[in-house]
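Peer 1: the following block contains a protein sequence and its predicted model.
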Amino acid sequence: MRFNDSSPIYEQIADNLAAQAASGFLPPGSRLPSARDLAVSLEVNPNTAARALQVLADRGIARCERGTGYFLAEDGPAVAARERRGRFFSEELPRFFARMEELGIDMETIHEEWRSRTAGTGGSKAADGGDAAEKRTV
């Protein structure tokens, strides 16, 4: 996982795990890596990893079981998907629309592109199968 300067590392870790939950890569009830294992695999401070797990619990995506660790909540994938959709509509889509206007692209052109990318896939995923980076484990 590559970190950027746009948000704290613990938030980026939490968002990555939430993306895996929303995509179905992590099934409900599955055990999440311990803070120590997460810290080692991502080469971050264990406190940073622990904070990321706590953020997931605070957001209702994970639950902490005393003595055994963090698990993906039964409704965790749905919660994560709702959060991601909300962020898309409030942050990404306005930037996309501004860029469309800047480049003189209309919605019909976008519809045509969408139809060509989703041809034969039922319209649920891009023709390339979606973002492979979101499907990777942490």
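Peer 2: Arrived safely. Numbers count the residues shown, from 1 in each chain.

Peer 1: SS state for R99?
Peer 2: Recorded secondary structure, R99: helix (DSSP: H, G, I helix; E, B strand; the rest coil).

Peer 1: mind checking which helix or strand the most centrally placed residue in the chain is in?
Peer 2: The chain has A19 as the residue nearest its centroid, 2.2 Å off, counting by Cα atoms, centre = their mean. Secondary structure assignment for A19, by DSSP states H and E: helix 9-22.

Peer 1: can I get that helix in CSV, CA atoms only?
Peer 2: These are the backbone C-alpha positions of helix 9-22, laid out as CSV (Å, rounded to 0.1, in the frame of the first residue of the first chain):
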residue,chain,number,x,y,z
ILE,A,9,-1.9,7.2,7.4
TYR,A,10,-4.3,5.6,9.8
GLU,A,11,-7.3,7.0,7.8
GLN,A,12,-5.8,5.6,4.6
ILE,A,13,-5.4,2.2,6.2
ALA,A,14,-8.9,2.3,7.4
ASP,A,15,-10.2,3.4,4.0
ASN,A,16,-8.3,0.6,2.3
LEU,A,17,-9.8,-2.0,4.6
ALA,A,18,-13.2,-0.5,4.2
ALA,A,19,-12.8,-0.7,0.4
GLN,A,20,-12.0,-4.4,0.7
ALA,A,21,-15.1,-4.9,2.8
ALA,A,22,-17.3,-2.9,0.4
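
Peer 1: no further queries at this time; thank you.
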